[in-house]
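Q: here is my input; please provide its structure:
(chains A and B)
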Amino acid sequence: MNPSGPHQAAKPDFKRSVASALANAHLGAAMDTATRRQDTARRAMMPELGDPLAVRNLGAQIKNHTLQHLDRYVEQLVENVRKNGGVVHFAETAEDACQIVADIAREAGVQRIVKSKSMVSEEVHLNEALIDAGFEVTETDLGEYILQLADERPSHIVTPVLHRTREDIGRLFADKLGMEYTEDPPTLTAVARAVLREKFKSADMGITGVNFAVAETGTLAIVTNEGNGRMCTSVPRVVVSLMGVEKIVPRLIDLAVYLKLLAKSATGQRITCYTNLLTGPRRAGDVDGPEAFHLVLLDRGRSEVLGGDYWEALRCIRCGACLNACPVYRKIGGHAYESVYPGPIGKVITPLLNSLADYKDLPQASSLCEACYEACPQRINLPAMLLRLRDELRHGGYAPLSWRIGFKGWRLGMQSHGFYSWGAALGRIFMRLLAKDGWVRRMPAGPGAVWTRYRDLPLLAKRPFHKRWPALKAELDRKRREEPS
Amino acid sequence: MRITLFVTCLTDLYYPDVGECVVRILDRLGHEVVFPRKQTCCGQPALNSGYTDEARAIAARMIRVFADAETVVTPSGSCCSIVREYYPELFKDDPVLHPQAVALANKTFEFVEFLQKVQKVDWSRWNLRYLGTATFHYSCHHRGIDMAPEDVIGLIREFRDLEYRPLEKMEQCCGFGGTFAVKFGDISGAMVKDKVACIKATGARVLICNDGGCTLNIAGACRREGVDVEIRHIAELLDAAMGANGHQVKEVSQ
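A: Numbering: from 1, shown residues only, chains lettered A, B, ... in the order given. The predicted structure is shown next:
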């Protein structure tokens, strides 16, 4: 199985892509502004839930319950989608998903396809597969449309073009659409809108992702801020929705929890501008809607995750709050992760849905600051999962010999206070050889050399606390005797 | 109250003054402080690096060393969060050590948390005073022990004549992250540079930082970048102010 699909480039090289991201000051500034704006908006909006923690806990509980009975809810969803007149397909792998969608398009005589935003379609590289199969595919989410023009991947799971400033986009539009340069967002948006209107009018097929799939009614909830999701599901004669199996919620009323949590966490909105509930194809008497409706349920490793130690990561509703809160993501941007899912959630699910060997750097590249855990509306303990993945890496043969020896030594040293104390004293003697005015400016090799690339290292204290304690204790005891309180 | 000090290895070896200040403050507040000399490290470096077995061995030792303590106080939110968030999890399959890990987790408090949330100290009688400008960096692992920035800032605001200057991106990680700083030196370096630039922009004389790891990182980077700011644990300010009891304290003694 090659779950990353046929279009995956060479093996990921995280350190190399980080180096190039950090060298790009323009990117750093764009990321800092955009992520902080979104993070601030989220924080400002969450109190509207009244008791945000209670709502987040409820969201987590509902998903936990659903995941624990996923077989039952998949069955119920499938039954109800069929009852509504839809056709359900199961895709085990990325290739299966692409094949299924291409076959649907071919059998329906489709030529032109419009798409609303879908991360799972990015995951299976659907666009490339459909274009290779001869179809015209147009992304209709403004951000995704910009990326399609630029031939880039999303750098964020909600705001895919976060890494680009409006000046970048102005230049891109001037270059690709032959218009005069402007960086005025309304003008740029109007131009994109005019192009996309024509695409909608002439499309035979619409493809969407799914935010939530309601098992009890077979309803799909698709939220957007641009209305393109509604156009994709109401204008073309064939509609295909693609979802990971973890997107199921049991009841329609559960949307009351998730629609609030998603909009607030993702973009700091009370509710998204457009909330579509799609329940099958056009019925007799309906004024619009597709003639045919297909739902593709993708597994691609999710069942395996569900059976393992990280199953709670499947609670993720793809709001991107953890990306916006993450100080590492802010510095390196989404592309550096070389994964469809970047940021903290990406560091966990990318190795799980692909292979830990290919993405062995991702779980390590976190300061474990827990900003993601604090931001997550589904209360996924990503830092704890990163620690578990690190432990797996260590036992999986990915730990360098020097580190293994280092931690064996550390363990010995910390097991005995004598070793600890002597080790510190020896360390100070060694450091004094390198220090000037109490600081080391450059360590010769090893981890210390990495440290001193960006910071000075102070000398260990001349007398550590444990050596000062007896005198301190005696002083306090004496005082107490002299002035009893 | 009888309080057992868990000084932490970084405070012990790099910032012993902080340890002394904590002891004096607790003593002034009428507590008896004991210090088990056998203590070393809580195991965090190994745990955070994925060396869970090594971390478990050191954690087990730590549980033994503090077995007799009634209340454990530590001047590091980071080490406190390891004991509270991860010790019970580390021993979840160990019927003997698990209850002891839970017991230690339940009786361990970070220094400011202990003063403000457990003891709810009334500072008015201490007449705290500090003449100067100060800003505050929020250490990430305070999240794990449910200490919000306001919990520390509330204590900072108790100092008369202290001009508090808010730090932009106060809650953004300084880039330390233990071994992260040397595994991904360039990302960590970019993060600490950002932090130093924000500190510089406040123009504050003192940065209050209550975690040895962040202090080691931020102080070293400030020195490298030529930013002249004193980095102090709040215990250092408190100790000086309590000692002076209303008299002017301008500079914290080295």
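
Q: in the chain, where's the longest helix?
A: I'll assume chain A. helix A:25-45 (DSSP state H).

Q: my bad, the chain I had in mind was chain B
A: Chain B, longest helix under DSSP H: helix B:185-202.

Q: list the contacts for A:Ala133?
A: A:102, A:105-106 (CB atoms under 8 Å, 6 or more residues apart in numbering or on different chains). The C-beta positions use only the backbone N, C-alpha and C, and glycine is treated the same way.

Q: mind listing the helices for chain B?
A: Under DSSP H, chain B gives helices at B:9-13, B:16-28, B:44-49, B:52-65, B:77-81, B:87-90, B:97-107, B:111-113, B:149-156, B:180-183, B:185-202, B:212-225, B:234-244.

Q: helices or strands next to the longest helix of chain B in the packing?
A: Helix B:185-202 sits against helix A:14-22, helix A:327-332, helix A:446-454, strand B:129-136, helix B:180-183, helix B:212-225, with contacts defined as 3 or more CB pairs under 8 Å, 6 or more residues apart in numbering or on different chains; DSSP states H and E.

Q: what about the shortest one, distance to the chain center?
A: Helix B:180-183 has its average C-alpha position 21 Å from the chain's average C-alpha position, going by CA atoms, centre = their mean, to the nearest Å.

Q: and chain A, is that helix touching that?
A: Yes - applying CB under 8 Å from any CB of the partner chain, one finds helix B:180-183 touching chain A at B:180-183.

Q: and the longest helix of chain B, which residues are buried?
A: B:185-196, B:198-199, B:202 (16 or more other CB atoms under 10 Å in any protein chain shown).

Q: just the element for the residue of the stretch 51-200 of chain A found nearest chain B, please.
A: Nearest residue of the stretch 51-200 of chain A to chain B (CB to the nearest CB) works out as A:Leu53 at 11.0 Å. Taking DSSP states H and E as the definition, A:Leu53 sits inside helix A:52-68.

Q: contacts for that helix?
A: Contacts made with helix A:52-68 from outside it, assessed by CB under 8 Å, 6+ apart, are listed as A:46, A:49, A:73, A:215, A:246, A:248-250, A:254, A:257-258, A:260-261, A:306, A:311-312, A:314-315, A:317, A:376-380.

Q: sorry, back to before: save the helices of chain B as a markdown table, and put in mean pLDDT too.
A: What follows is those, written out as a markdown table (pLDDT from 0 to 100):
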| stretch | mean pLDDT |
| --- | --- |
| helix B:9-13 | 98 |
| helix B:16-28 | 98 |
| helix B:44-49 | 97 |
| helix B:52-65 | 98 |
| helix B:77-81 | 97 |
| helix B:87-90 | 97 |
| helix B:97-107 | 98 |
| helix B:111-113 | 98 |
| helix B:149-156 | 98 |
| helix B:180-183 | 96 |
| helix B:185-202 | 98 |
| helix B:212-225 | 98 |
| helix B:234-244 | 95 |
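
Q: deepest of those helices, which one?
A: helix B:77-81 (a mean of 27; mean count of other CB atoms under 10 Å in any protein chain shown).

Q: which elements pack onto that helix?
A: Going by 3+ CB pairs under 8 Å, 6+ apart, helix B:77-81 lies up against strand B:108-110.

Q: what is the neighbour count of the closest residue to chain B within the stretch 1-150 of chain A?
A: Nearest residue of the stretch 1-150 of chain A to chain B (CB to the nearest CB) works out as A:Leu22 at 5.5 Å. Applying other CB atoms under 10 Å in any protein chain shown, we find 18 residues neighbouring A:Leu22.

Q: what's the spacing between B:His233 and B:His247?
A: Noted for B:His233: a distance of 21 Å to B:His247, by CB to CB, to the nearest Å.

Q: higher neighbour count, these two?
A: Taking other CB under 10 Å, B:His233 and B:His247 do not tie; B:His233 has more neighbours (26 against 9).

Q: hmm, B:Pro75 and that one touching each other?
A: Yes - look at B:His233 against B:Pro75 with CB atoms under 8 Å: they come within range, at 6.2 Å.

Q: which residues are in contact with each of these two?
A: Shared contacts of B:His233 and B:Pro75, counting by CB under 8 Å, 6+ apart, come down to B:18, B:210.

Q: how about A:Tyr420: what's its closest non-neighbour residue?
A: B:Thr40 (4.5 Å; CB to CB, 6 or more residues apart in numbering or on different chains).

Q: that neighbour reaches A:Leu412, doesn't it?
A: No - checked against CB under 8 Å, the pair B:Thr40 and A:Leu412 is beyond contact range at 11.0 Å.

Q: looking at the two, which one has more neighbours?
A: Between B:Thr40 and A:Leu412, counted using other CB under 10 Å, B:Thr40 has the larger neighbour count: 23 against 14.

Q: the more buried one and A:Arg330, how far apart?
A: 35 Å.

Q: all helices of the stretch 51-200 of chain A, in order?
A: A:52-68, A:70-83, A:94-107, A:119-123, A:126-132, A:142-150, A:166-177, A:185-202 (DSSP state H, counting those that start in this stretch).

Q: pull out the buried residues from the longest one.
A: Pointing back at helix A:185-202 there. Quick answer for helix A:185-202 (16+ other CB under 10 Å): A:188, A:192, A:196, A:199-200.

Q: residue contacts, the residue of the stretch 51-200 of chain B found nearest chain A?
A: Using CB to the nearest CB, the single residue of the stretch 51-200 of chain B nearest to chain A is B:Gly177, 2.7 Å away. Contacts for B:Gly177 (CB under 8 Å, 6+ apart) come out as A:366-369, B:48, B:188.

Q: pipe these into a markdown table and attach distance to B:Asp27 per row.
A: Putting the contacts of B:Gly177 into a markdown table (distance: CB to CB, whole Å) gives the following:
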| residue | distance to B:Asp27 |
| --- | --- |
| A:Ser366 | 39 |
| A:Ser367 | 35 |
| A:Leu368 | 34 |
| A:Cys369 | 34 |
| B:Asn48 | 33 |
| B:Ser188 | 37 |
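
Q: what residue is smack in the middle of chain B?
A: With distances taken as CA atoms, centre = their mean, chain B has B:Ser76 as the residue nearest its mean C-alpha position (2.8 Å).

Q: distance of that residue from A:Arg394?
A: Taking CB to CB, one finds B:Ser76 at 25 Å from A:Arg394.

Q: circling back to that earlier point, the contacts of B:Gly177: which two are farthest apart?
A: B:Asn48 and B:Ser188 (13.2 Å; CB to CB).

Q: between the two, what contacts are shared?
A: The contact lists of B:Asn48 and B:Ser188 share B:177, B:180, where a contact means CB under 8 Å, 6+ apart.
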